[in-house]
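Trainee: Build me a model from this:
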Amino acid sequence: MASEQTSGMPRPVLAGKLTPPWTRPRAVTRVRLLEQLADPPPTPLTVVVAPAGWGKTTVLAQWASEVVHRPIAWVTLDEGDDDPVRFWTYVAMALDSCRPGLGRSALAALAVPQLPPVQVAVPALLNALMADGGDYVLVLDDYHVIDAREIHEGLEFALAYLPANIHVVLSARADPALPLARFRARGQLTEIRAAELAFTADEATGLVTEVSDALISEGDVAQLVDRTEGWAAGLHLAALTLRGATDPARRVALISGDDRHILDYLSGEVLGRLEEEHRRFLVELSPLDRLGGDLCDAALGCTGSAQLLEESERSGLFLTALDDRREWYRCHRLFRESLRRELEATAPGRASQVLAAAARWWQDHGDPEAAARALLDAGHQEQAAELILDADDELIGAGGSTALLALADRLERPLVDANPRLAIAMAAAAGFSGQFERVDDLLGVAEAALAVDGRAPRGWSSAQGAIGALRVTFGSTAGAASVLEAQEAARRENNPALPGYVIARLTLGLVLLGMGEVDDAIPVLHEASRQASSLELPAFTSLIAAGLLATALLDGSRTEDARAVVQASARAADALEAVLGDAAGEATALLRTAEGRLAHDDGEPLVACAILEHAARLARAAAHPSQTTRVLVTLADARLAVGDRPAARAALTEAREVAETEWVFPATRRRLLVAEDRIGRGAARAAHRRGALAEELTERELSVLRALQGSLSQREIGRELFLSINTVKGYTKSLYRKLDVVSRADAVSRGRELGLI
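Mentor: Reported below is the predicted structural model:
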């Protein structure tokens, strides 16, 4: 399990996924479709939706190379991208390739494993696009592989606030889980479907002639179009079977039936005409979803794969090059399925061997996720479990928590039940990916398995210590019980040379501070901070320790000791924020708050306000709700000190919103109550209370506004609307901005005043 909160580099990415597929020079140009796609696209969102084999990717690749004269950010998606961090990493990298630096802030946020992308990375990307002002097209090819609700929510949020200079083009086999009806009603959607993608007789003549390298009569072409209903894959395969045919008309007459029948018949005809070596090569590679020369050599135990792959692609055998250098390819899914069926029929068990060899290659080349997926596909459950466990720190540290869970969920349950370290790793991944509802159950599984396997996870003295720290950090344990569990975890983690020693004490110190036990918290946090430096743990962890310690020292009236901690950590905090921006908030928000408190104590209220505004921005982006509440209360005090009572009340209102919708520590809640009594309750009233809305509310925002009328918390609203808590927060924030209010009560009042609810 990941024994510390770290920032890491994104997992290995495939550069070929970020470029449009290569188009053959003699490929048929679909003029009518290219005109419909246009440059720029006629609407903010374009969807190209049709089943497999209808030529979606080919048309988009032609459009990208022949029509578009503005930068294109292209992402070819696959099953491994059904992970919010990985998905948005590819999107940010694609946009960054259009203009270096465009995705920098988003990529920095994505490097922090515990930050949900929609909370920081997506807004950062939107802000960067708005500030840049350039015209770009983002193409998401094969979006149908995406199933994660968080990705759909994040993309919906991005589309709702997309700058006018950005166009999104999306291809999929079925309608994506996005509000297409809303875009359609507003005239913001262009749709290209199977009916438009179907080849006309003229287009089919060009395709069949080019692929078959033969002259085919108009009548035969018309018959092919009728039999295939203009289906691109069927036409392509049919054309391949016509190469060298002495009687093309007779061969055309043999083609009949549905797509599956056509595919089976024609692929058999195509493969049957290949040399045996070439045929066996393609059939044996069918278990692999990505193909590269070195990978295929390793998987098949042969040499010369790169040349065969290039020959196959140039011969039109349904291989698509993923990069200009032709180092990586993918096989058309339907053709691959046909090849796979032949492999299973002719060589049972060979697929498992190929996948196992590919897994070794992926592991040797630094991609444990791809290796584990290959092992699972091969049916090698125990090896996959060992690999997942060995790579858990690497995956979580690189933002792959969701991927780790998805891989582990494919394991047979008895394997997880018998391996507490694996269950602990899954619990950590669940916590870091925001799936808190799974944490307690997984930790319960781990505890039940300790009698069978009591070994400690890597970086910890004991499994019980890791379980306790995770339960307090991510589970349902709260209040006095959390203190007892954190104390027990710290007692068990008694080896100062291990990261678990530091993490357990950070957890205990945080809980003690949150419960108001300041004198008890200080020595615990001091030891955690000292040992974090001694072990040279990542700056993220060291700065969390420093921020908690400085806060405890200030709460304990040890001002100069706190000043020493802040000064010693200033350079590291500056460096981390320079790299991560607001995504560094979890590590630096409390430290900056302590810095602001010191400026206030030094009689520099304006300086304090500036520092605390910065701290509040950091906290809003990434910090724990309790930290955010504490920062806002401190900011309110600073604003009051400079005589800005309305701003002080606004900060308190925001703090109250957080405290009412999220769990905050008792001591923090008490600080809020004291500040409200001192400054005065109630929301800061908006300056503008007249006229219509300057900006229309989206359907999602209206749904959230209606839900705000009741007593549900934001988390409960999310469950009712099938949204994540972070997505609800995002919509609430934009709702407040559009209504020109700062609180829930004001939003409801304003909504009623305008007749919205």
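Trainee: Centre of the chain to the helix or strand hosting Val748, how far?
Mentor: Taking DSSP states H and E as the criterion, Val748 maps to helix 744-753. Put simply, helix 744-753 sits 33 Å off its chain's centre (CA atoms, centre = their mean, to the nearest Å).
Trainee: Show me the contact partners of that helix.
Mentor: Contact partners of helix 744-753, identified using CB atoms under 8 Å, 6 or more residues apart in numbering, comprise 657, 660, 683, 685-686, 705, 708-709, 732, 735-736, 739-741, 757. Any C-beta I mention is one placed from the backbone N, CA and C, and that applies to glycine too.
Trainee: Can you mark which positions in it are buried?
Mentor: Buried residues in helix 744-753, counted by 16 or more other CB atoms under 10 Å: 744, 746-748, 750-751.
Trainee: where does Asp453 land in three-state SS?
Mentor: coil (DSSP: H, G, I helix; E, B strand; the rest coil).
Trainee: Identify the residues contacting it.
Mentor: 418-421.
Trainee: again, only using 10 Å
Mentor: 418-422, 446, 463 (CB atoms under 10 Å, 6 or more residues apart in numbering).
Trainee: Tell me the bridge partners for Val75.
Mentor: Leu140 (DSSP bridges).
Trainee: What is the neighbour count of Val502?
Mentor: By other CB atoms under 10 Å, 28 other residues sit near Val502.
Trainee: Leaving out sequence neighbours, find the closest residue to Glu394.
Mentor: Once flanking residues are discounted, Glu394 sits nearest to Pro368: 6.2 Å by CB to CB, 6 or more residues apart in numbering.
Trainee: State the distance from Gly459 to Cys609.
Mentor: 41 Å (CB to CB, to the nearest Å).
Trainee: re earlier: pretty sure the residue nearest to Glu394 contacts Ile396?
Mentor: No - Pro368 is beyond contact range of Ile396, at 11.6 Å (criterion: CB atoms under 10 Å).
Trainee: These two - which one has more neighbours?
Mentor: Ile396 (27 against 24).
Trainee: element containing that one, please.
Mentor: Per DSSP H and E: helix 392-397 holds Ile396.
Trainee: Please save the CA atoms from that helix in CSV.
Mentor: What follows is helix 392-397 as a C-alpha-only set of coordinates in CSV (Å, rounded to 0.1, in the frame of the first residue of the first chain):
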residue,chain,number,x,y,z
ASP,A,392,0.8,-0.5,-5.5
ASP,A,393,3.0,2.4,-4.4
GLU,A,394,4.0,3.1,-7.9
LEU,A,395,0.4,3.1,-9.2
ILE,A,396,-1.0,5.2,-6.4
GLY,A,397,1.9,7.6,-6.4
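Trainee: Give the buried residues for the helix or strand just after that helix.
Mentor: Using DSSP H and E, the helix or strand that directly follows helix 392-397 along the chain is helix 401-408. For helix 401-408, burial by neighbour count (16+ other CB under 10 Å) applies to 401-408.
Trainee: Take those and lay them out in JSON lines including distance to Arg326 and pLDDT.
Mentor: Output for these, formatted as JSON lines (distance: CB to CB, whole Å; pLDDT from 0 to 100):
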{"residue": "Ser401", "distance to Arg326": "34", "pLDDT": "83"}
{"residue": "Thr402", "distance to Arg326": "32", "pLDDT": "83"}
{"residue": "Ala403", "distance to Arg326": "28", "pLDDT": "86"}
{"residue": "Leu404", "distance to Arg326": "32", "pLDDT": "90"}
{"residue": "Leu405", "distance to Arg326": "35", "pLDDT": "90"}
{"residue": "Ala406", "distance to Arg326": "30", "pLDDT": "90"}
{"residue": "Leu407", "distance to Arg326": "30", "pLDDT": "93"}
{"residue": "Ala408", "distance to Arg326": "35", "pLDDT": "94"}
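Trainee: which of these lies closest to Leu282?
Mentor: Leu407 (27.9 Å; CB to CB).
Trainee: Going by secondary structure, the residue lying closest to the closest one once chain neighbours are set aside is in what exactly?
Mentor: Closest residue to Leu407 apart from its sequence neighbours, by CB to CB, 6+ apart: Ala372 at 5.0 Å. Taking DSSP H and E as the definition, one finds Ala372 inside helix 368-378.
Trainee: now do Val48
Mentor: strand 45-49.
Trainee: got the CA coordinates for that strand in PDB?
Mentor: Taking Å, rounded to 0.1, in the frame of the first residue of the first chain, the C-alpha atoms of strand 45-49 are listed here in PDB:
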ATOM      1  CA  LEU A  45     -19.500  19.600 -29.600                       C
ATOM      2  CA  THR A  46     -19.500  17.100 -32.500                       C
ATOM      3  CA  VAL A  47     -20.300  13.400 -32.000                       C
ATOM      4  CA  VAL A  48     -19.500  10.700 -34.500                       C
ATOM      5  CA  VAL A  49     -21.500   7.700 -33.300                       C
END
